[in-house]
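Participant: Give me coordinates for this.
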Amino acid sequence: MLAKKRKHPTVFISYSHQDKGFARFVAQQLRDEGARVWVDEGELQVGQSLLATIGKAVNRVKFVLAIISKHSIRSRWVGKELAIAMQKELGGRTVVVIPLRIDDCRMPDFISDKLYCDLSPSSHDWETQFSMLFRAVGLTGRRSGARPKRHMPLSLSIPAVLENLKISEKDCGTNDGFYPQAYWTGHLAIPYHHVALGRVLTDKTKTTKGAVWPRGTILTDSVIESTSYILDTPRMKVRWLPGCETFFRKERAFCAMCYGAAEGTDTLVRVGQDVGAAAAEAILEALSHVHDTSILETILEAGPKSAAILSPWDATVKIQIRANGEREIALINGLGGTRCVPISRLSPCVRDGERVLAGQPLTGGDIGPKQLLDVLGEKSLQHYLFFQLSTEFLRHGFRIPARYIEVIVVRMTSFLEVGDLGYEPVPFVRQLVGKILPVRDFIAIGQHQAMNGERPPIGQPVVLGLTEIVQLEKQLIDFYGPLKEFLATSPSV
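Facilitator: Prediction:
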């Protein structure tokens, strides 16, 4: 007896052009579960009537998934698509309209009485919402095996992570900074001007004619040219957002001096400007033109878990066989110390006697940000993330302003995991062990402990992907009430 052929549910996705990234994301989730999905960008041919094509699509599908957002409720084409679908649903046809909200917009009146799936950033349980969606289109139990970890689409996670990031003061007073340099990847160049332009000097710097640019000078074209050397890159230490004391010690905001000039100007960014919104808008606009965002998604989600083994220090390599027959790499540093790294069945990418640097791959495989953090530390990781994101956008033809990328790097590297305290702290601090907190909250707790004559907690830097940040900050909402009460208690005298 022949097995009964399984039917695949058919779904038409109605969305606004501005929500294309999210539409792609949902379409892929449905396809992975076994649905057949119709979206206009892949099937609509030049010269076809959009409305007629939509009508035919709705006629041949079982479900219309309406992506509801601030953009779509203003789109006349989405309105026409939904009007066709609603007419067929109300007329007793088998088409079912399923609303899917992706931001905090008000649901349109003509579908306000429908139960909808909520995939907005404020939704507390995406897995439950996706399960509801799959059941609604008849996909329950279709796919076997454990589902991989699901990340938010960049079109949602980027605005959520960068919202309300403003300039709150002129100068945080830090001396932290870095020396800009041009990057060459072997295929693409990130020019010096792209990294340096608009930044602020941390120290006074001499020009080629002996004059001095004072601390706080904005790097304009003329300033950079006046300090350029014929055979070398200018050595100018400048402020940058990963060193901003305002963000890491005070509040969820930046100072103007660490941010530098407003984009496209030679004038310091003004206090009160929402730099997170500007960064999100520019990055999302670039992403809307990138067909394959998989590499960007991997970087922004702080993955993958690295398959490569990295050298923990500068050393000389010696490849040897252990007593059990397994290969290992012995790393001998300049002081005679040796560290042995088992490589199992992995293929080494270094030769016997080769000199390697800390963080250099010893075997083949991908390099993950979380492993780089363990080996090289936070500052090196921040430079790595900046370089990787800048390079990947350039590969697709987009030169994203350096500070816009820094804003994301800061958010990904602004958390600490509370470690084992090794002593008996007050109950509030004891319950924090193993939890991940923003650096500024961790510092505030440590300062309060010190004022009370208590030992401060111990923190380990972590790097989080954008989805992890959104989920963590939802969980922290209930934490801030008790934190405020704890910090308000008077220090003992």
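Participant: what secondary structure does residue 215 sit in?
Facilitator: coil (DSSP: H, G, I helix; E, B strand; the rest coil).
Participant: For it, report the pLDDT, please.
Facilitator: Note on residue 215: pLDDT of 91.
Participant: residue contacts, it?
Facilitator: Residues in contact with residue 215 (Cβ atoms under 8 Å, 6 or more residues apart in numbering) are 201, 202, 203, 204. Every C-beta, even on glycine, is put in place using the N, C-alpha and C of the backbone.
Participant: my read is residue 324 is in a helix, agree?
Facilitator: No: per three-state DSSP, residue 324 lies outside any helix segment and is coil.
Participant: now the contacts of residue 215: which count as buried?
Facilitator: For the contacts of residue 215, a neighbour count by 16 or more other Cβ atoms under 10 Å gives the buried set as 201, 202.
Participant: Just the ones in helices from the contacts of residue 215, please.
Facilitator: For the contacts of residue 215, not one is inside helices, with DSSP state H as the criterion.
Participant: Nearest to residue 424 among the contacts of residue 215?
Facilitator: Comparing the contacts of residue 215 against residue 424 with Cβ to Cβ places residue 202 closest, at 42.2 Å.
Participant: leaving aside the residues next to it on the chain, what's closest to residue 213?
Facilitator: Leaving aside its sequence neighbours, residue 213 sits nearest to residue 205 (Cβ to Cβ, 6 or more residues apart in numbering; 4.8 Å).
Participant: now the one you found: how far from residue 292?
Facilitator: Using Cβ to Cβ, to the nearest Å, one gets 42 Å for the distance from residue 205 to residue 292.
Participant: neighbour count winner among those two?
Facilitator: Neighbour count, other Cβ atoms under 10 Å: between residue 205 and residue 292, residue 205 has more, with 21 against 8.
Participant: The nearest residue to residue 388 once chain neighbours are set aside: how many residues sit nearby?
Facilitator: Leaving aside its sequence neighbours, residue 388 sits nearest to residue 299 (Cβ to Cβ, 6+ apart; 5.3 Å). Applying other Cβ under 10 Å, we find 21 residues neighbouring residue 299.
Participant: what secondary structure does residue 299 sit in?
Facilitator: Here residue 299 takes the helix state, with states given by three-state DSSP.
Participant: right, and it touches residue 389 too?
Facilitator: Yes: counting by Cβ atoms under 8 Å, residue 299 touches residue 389, with 6.0 Å between them.
Participant: could you pull out the strands for the stretch 301-450 of the chain?
Facilitator: Per DSSP state E, counting those that start in this stretch, the stretch 301-450 of the chain carries strands over the ranges 315-321, 327-332, 338-342, 355-356, 415-418, 436-438.
Participant: could those strands be laid out in a markdown table, adding mean neighbour count and mean pLDDT?
Facilitator: Converted to a markdown table, those look like this (neighbours: other Cβ atoms under 10 Å; pLDDT from 0 to 100):
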| stretch | mean neighbour count | mean pLDDT |
| --- | --- | --- |
| strand 315-321 | 16 | 86 |
| strand 327-332 | 18 | 85 |
| strand 338-342 | 13 | 82 |
| strand 355-356 | 14 | 88 |
| strand 415-418 | 19 | 94 |
| strand 436-438 | 20 | 95 |
